[in-house]
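Visitor: Model the structure of this input:
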Amino acid sequence: MMNSARWTFTLFLAVLVAVPALAATQVVSVLYAGSLVTPMEGPVKTALAQRGIDFQGQGGGSKMLANLISAGVKQPDIFISVDPKIVLGLGSKVLDAETFASTSLGIGWSESSKHAALFASVAAGKTSIVSALSTPGLAIGRTDPKLDPKGVYTVEAMMLLAGPDGEKRILGVPENDAQIFPEEDLLARIDTGQADVGFFYRTEAVARKLNFIPLPGKASMSDQITYTIVDLRDAPHPDAAKQFEQFILDGQGKAILQSAGVEYLSAPIVLVEKH
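Guide: The predicted structure follows:
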């Protein structure tokens, strides 16, 4: 009887000790541009867990995610967009926003691609990107311009690089079902050989260890492709949101994203000031 009572008391103490530990875990809900999926769901999530923060993230096309926020389908603490115009379109839902980094647009492929030698020739300067992308039977992957800014940048870049006729020859119609994949799936399509080459931001290619060549000149869109972090009004977890923002802008998250190919600006640019 005494042993049973002692066991019950010991279990009671264990529960008391465990409860504060559970209560200390914070949640932060983040919708982010799908080009950041590899670092976000890997080292960022791990580093935050070590700080007692449960990172609940969802990647996808920035336009699609903004539509979910606008419609009230999603109410995250933080939104990271790859197009500042999309952020401005959220209006009063934005508490404050800062553009903090940039990247460039290019083509990426894996060593297992059946056209790996062709694109190695491009990397060596022996074949032009336009010529390589015009190869008959080449399976190209890109994102939907209706849902993802990268899809829009891809069409604009190829217009600059190949002209209207070349762009149409390489990409077909803007919503070409044979080429378009969801933002979060495109990397996997390259890995599995369902696409021979894809249009990616440098961040995605570096994080996934793909071979990558930026598009030349203004076609790289490096002056337009920027990342903006947004604090959303009425965030469910405002304290965790502040910690996450600091983590990304000035803390360990900055080093993680830089190692994944994100190019930080010398100082963040205030897009929407808190008021």
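
Visitor: what about the helices in this protein?
Guide: 2-23, 37-39, 45-50, 62-70, 84-88, 116-123, 129-133, 149-171, 186-191, 202-208, 238-249, 252-259 (DSSP state H).

Visitor: I'd like to know which of the ones you listed lies nearest to Ile269.
Guide: helix 84-88 (8.7 Å; Cβ to Cβ). Placement of C-beta: from N, CA and C, glycine included.

Visitor: picking up where we left off before, determine which stretch of the helices of the chain is the most buried.
Guide: Counting by mean count of other Cβ atoms under 10 Å, helix 202-208 has the highest mean neighbour count of those, with a mean of 25.

Visitor: Would you mind measuring from Ser112 to Ala178?
Guide: Separation of Ser112 from Ala178 (Cβ to Cβ, to the nearest Å) stands at 21 Å.

Visitor: Please report phi then psi for the spatially closest residue to Tyr153 that is not a sequence neighbour.
Guide: Nearest in space to Tyr153, with sequence neighbours left out and distances taken as Cβ to Cβ, 6 or more residues apart in numbering, is Met221 at 4.8 Å. Main-chain torsions, Met221, degrees, to the nearest 10: phi 60, psi 20.

Visitor: In this structure Met221 contacts Leu105, no?
Guide: Yes. Met221 is in contact with Leu105 according to Cβ atoms under 8 Å; the separation is 4.6 Å.

Visitor: so what sits against both of the two?
Guide: Taking Cβ atoms under 8 Å, 6 or more residues apart in numbering as the contact rule, Met221 and Leu105 both touch 153, 157, 215.

Visitor: can I assume the second one is in contact with Gly217?
Guide: When you say that, I think you mean Ala157. No. Judged on Cβ under 8 Å, Ala157 makes no contact with Gly217 at a distance of 9.7 Å.

Visitor: Provide a list of residues in contact with Leu171.
Guide: So Leu171 contacts 140, 142, 154-155, 158, 179 (Cβ under 8 Å, 6+ apart).

Visitor: Check the residues you listed and tell me the two furthest apart.
Guide: Ile140 and Val155 (12.3 Å).

Visitor: low-scoring stretches of this structure, by residue?
Guide: The chain contains residues with pLDDT under 70 at 1-24, 275.

Visitor: which residues touch Leu65?
Guide: Per Cβ under 8 Å, 6+ apart, neighbours of Leu65: 31-33, 58, 74, 79, 81.

Visitor: Put the buried members of those into a PyMOL selection.
Guide: Filtering the contacts of Leu65 down to the buried ones (16 or more other Cβ atoms under 10 Å) takes a single PyMOL command:
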select buried, resi 31+32+33+58+74+79+81
